[in-house]
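Peer 1: following is a predicted model, sequence given first.
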Amino acid sequence: SSSTQGVWFEQTLKEINEDRETWPWVVVFQHRPIYNSNNIHGNWTGKNTPQYDGPDDLPVLGGWPDHFEDLILAYKVDIVLAGHVHQYERSWPVWGRDNVQRSYKDVTAPVHITCGNAGTSLYKYIKNTEQDGFNATAPAFSAARTNELWGHCELEFYNRTTVRHTMRVMGETIVRDNFDATIIKKSGAVRGEQAFFVGFVMVLFNYFI
């Protein structure tokens, strides 16, 4: 991408990757998810959303799905966190939408987490209908999801290769099994108690031009 944000984003990822000994984990924050199965907003592909609620003359915004995923794959981003959609969903390791690793062991692709169920009303039903925002069958990339439960998300980095992700349902003290995932990436042996850092990169906008 040639946009200001696109250039900055790639340069930031490049700098982090020059020292992955220090920064073994890279987590990207963004507003809209690119992997999400809710039909109210869904994944961000320019105008190609089931319910597009922007102005009619807004051009198709190429770049976000066309280049963003290439960058996070090339620079080995581990986790992508998003909000926007008022629900919770966690993907399997996935790339190109159809390439899915249905395991969190020896992970080599990003895990996408939408955690938008912490506050305001949930996207249970499509507006002005009684139709559920989720299709009855989840897409292959989706490992866990809910549009009925409020909660918040946590990440606990154990070491250079292992992180635990949980979604804690509001009012519950025990994490439900389907909202608890330990992600172990394929990147060599754990280096004892050697200190490490987690690189967090926040993308401010939803698309590149």
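Peer 2: Cool, the structure landed.
Peer 1: could I get the pLDDT score of residue 52?
Peer 2: For residue 52, the model assigns a pLDDT of 47.
Peer 1: what is the worst-scoring helix or strand of the chain on mean pLDDT packed up against?
Peer 2: When each helix and strand of the chain is scored by mean pLDDT, DSSP states H and E, strand 198-202 comes last, with a mean of 74. Packing partners of strand 198-202 (3 or more Cβ pairs under 8 Å, 6 or more residues apart in numbering; DSSP states H and E): helix 4-17, strand 25-29. Just so you know, the C-beta spots here come from the backbone N, C-alpha and C atoms, and that holds for glycine as well.
Peer 1: those: which one's closest to residue 70?
Peer 2: Between residue 70 and those, the shortest gap by Cβ to Cβ is with helix 4-17, which sits at 9.8 Å.
Peer 1: same question for the closest one, mean pLDDT?
Peer 2: In this model, helix 4-17 carries a mean pLDDT of 89.
Peer 1: C-alpha coordinates for that helix, CSV please?
Peer 2: Extracted C-alpha coordinates of helix 4-17, given in CSV (Å, rounded to 0.1, in the frame of the first residue of the first chain):
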residue,chain,number,x,y,z
THR,A,4,0.6,7.0,4.8
GLN,A,5,-0.9,4.5,7.1
GLY,A,6,0.0,1.6,4.9
VAL,A,7,3.7,2.7,4.6
TRP,A,8,3.9,3.2,8.4
PHE,A,9,2.3,-0.1,9.1
GLU,A,10,4.6,-2.1,6.9
GLN,A,11,7.7,-0.2,8.2
THR,A,12,6.6,-0.9,11.8
LEU,A,13,6.2,-4.6,11.2
LYS,A,14,9.5,-4.7,9.4
GLU,A,15,11.4,-3.1,12.3
ILE,A,16,9.8,-5.5,14.8
ASN,A,17,10.7,-8.5,12.6
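Peer 1: for this protein, give me the ranges with low pLDDT.
Peer 2: Low-confidence segments of the chain (pLDDT under 70): 1-2, 41-66, 187-195, 202-209.
Peer 1: how about the strands in it?
Peer 2: Taking DSSP state E, the strands of the chain run over residues 25-29, 79-82, 88-91, 94-95, 99-100, 105-107, 111-115, 142-146, 151-157, 162-169, 180-185, 198-202.
Peer 1: in TSV: those, plus distance to residue 71.
Peer 2: Below are the strands of the chain laid out as TSV (distance: least, Cβ to Cβ, whole Å):
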stretch	distance to residue 71
strand 25-29	9
strand 79-82	11
strand 88-91	17
strand 94-95	12
strand 99-100	16
strand 105-107	18
strand 111-115	14
strand 142-146	23
strand 151-157	21
strand 162-169	21
strand 180-185	18
strand 198-202	10
